[in-house]
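Colleague: give me coordinates for this.
(2 chains)
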Amino acid sequence: GEDVEQSLFLSVREGDSSVINCTYTDSSSTYLYWYKQEPGAGLQLLTYIFSNMDMKQDQRLTVLLNKKDKHLSLRIADTQTGDSAIYFCAESPLLTGGGNKLTFGTGTQLKVEL
Amino acid sequence: DVKVTQSSRYLVKRTGEKVFLECVQDMDHENMFWYRQDPGLGLRLIYFSYDVKMKEKGDIPEGYSVSREKKERFSLILESASTNQTSMYLCASSPPFTGDYEQYFGPGTRLTVT
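Modeller: Numbering: from 1, shown residues only, chains lettered A, B, ... in the order given. This next block holds a predicted model:
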């Protein structure tokens, strides 16, 4: 079955760039997502990339996709304390037979220090 | 804005009790999902539904059942709660495929079974 892996923790200083990495196994993935979960809240979609793209930029966020290595990364420029959260990578297979299931990674806890 | 609400933020139940977790969405979405979130394991799909009265098992359905009698409401049922079901439960909904598979999440219910 599909498997999505992330490192569990990342700590950065305020103002630095953060890079959160994700590897996945399903080569038929059509979309790959980054979700953010702030303390005490549900998940919120940050950005996504279609599998035929290599890069997507959205303000401070840059998503890089290496389809050959099945590696996805999220770069946050000028990281702020408000970016402290858990970040989940998720992938969507080509066809799920209904219900558009997503497979989520384990989540990376980002801690931003002053 | 899409709103997904869950009936309780915190719930404490005793072993063996029957537990109902309710989820309501206000955007007329066809698809609804129940996940559990555990540290180091990420989100794991319990059940999902792509239409009223339709349900499909996710990755970890054992010990759970679901009910979808109305389009806006998706209930998760723990027939006989056990301590290993202590977890954060997240509900999500999504429309049919419209170019991506974004899911919209509720704030979560933290269930403790003693």
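
Colleague: so A:Gly82, which state does it fall into?
Modeller: Using DSSP: H, G, I helix; E, B strand; the rest coil, the structure places A:Gly82 in helix.

Colleague: tell me the spacing between the spatially closest residue to B:Thr114 that is not a sequence neighbour and chain A.
Modeller: Excluding the flanking residues, the one nearest B:Thr114 by Cβ to Cβ, 6 or more residues apart in numbering or on different chains is B:Arg14, at 5.9 Å. All C-beta atoms are positioned from the backbone trio N, CA, C, and that covers glycine. Here B:Arg14 is placed at a distance of 25 Å from chain A (Cβ to the nearest Cβ, to the nearest Å).

Colleague: quick one: pLDDT of B:Asn84?
Modeller: Model confidence at B:Asn84, given as pLDDT, is 97.

Colleague: and it, its phi and psi?
Modeller: Note on B:Asn84: its backbone torsions stand at phi -80, psi 0 [degrees, to the nearest 10].

Colleague: then A:Ser27?
Modeller: Dihedral angles (degrees, to the nearest 10) for A:Ser27: phi -70, psi -10.

Colleague: and the pLDDT for it?
Modeller: 74.

Colleague: what about it, how many neighbours?
Modeller: Look at A:Ser27: counted by other Cβ atoms under 10 Å in any protein chain shown, it has 11 neighbours.

Colleague: need the contact list for it.
Modeller: A:Lys70 (Cβ atoms under 8 Å, 6 or more residues apart in numbering or on different chains).

Colleague: show me what contacts the residue in chain A positioned nearest to chain B?
Modeller: Taking Cβ to the nearest Cβ, chain B has its nearest neighbour within chain A at A:Gly42, 3.4 Å off. Counting by Cβ under 8 Å, 6+ apart, A:Gly42 touches B:Val4, B:Leu90, B:Ala92, B:Phe105, B:Gly106, B:Pro107, B:Gly108.

Colleague: ok, now A:Asn66?
Modeller: A:Asp54, A:Leu72.

Colleague: check it and give its pLDDT.
Modeller: 93.

Colleague: equivalent analysis for A:Leu94, please.
Modeller: So A:Leu94 comes in at 58 (pLDDT).

Colleague: rewinding a little: buried ones among the contacts of A:Gly42?
Modeller: B:Val4, B:Leu90, B:Ala92, B:Phe105, B:Gly106, B:Gly108 (16 or more other Cβ atoms under 10 Å in any protein chain shown).

Colleague: distance of the first one relative to chain A?
Modeller: What that stands for is B:Val4. 7 Å.

Colleague: all strands of chain B, in order?
Modeller: Remark: strands assigned in chain B by DSSP state E are B:4-6, B:10-13, B:19-25, B:31-38, B:42-49, B:56-57, B:64-70, B:73-78, B:87-94, B:104-105, B:109-113.

Colleague: and the contacts of the fourth one?
Modeller: This means strand B:31-38. Against strand B:31-38 from outside (Cβ under 8 Å, 6+ apart): A:99-101, A:104, B:21, B:23, B:25, B:43-50, B:58, B:60, B:64, B:66, B:68, B:74, B:76, B:87-96, B:103, B:108.
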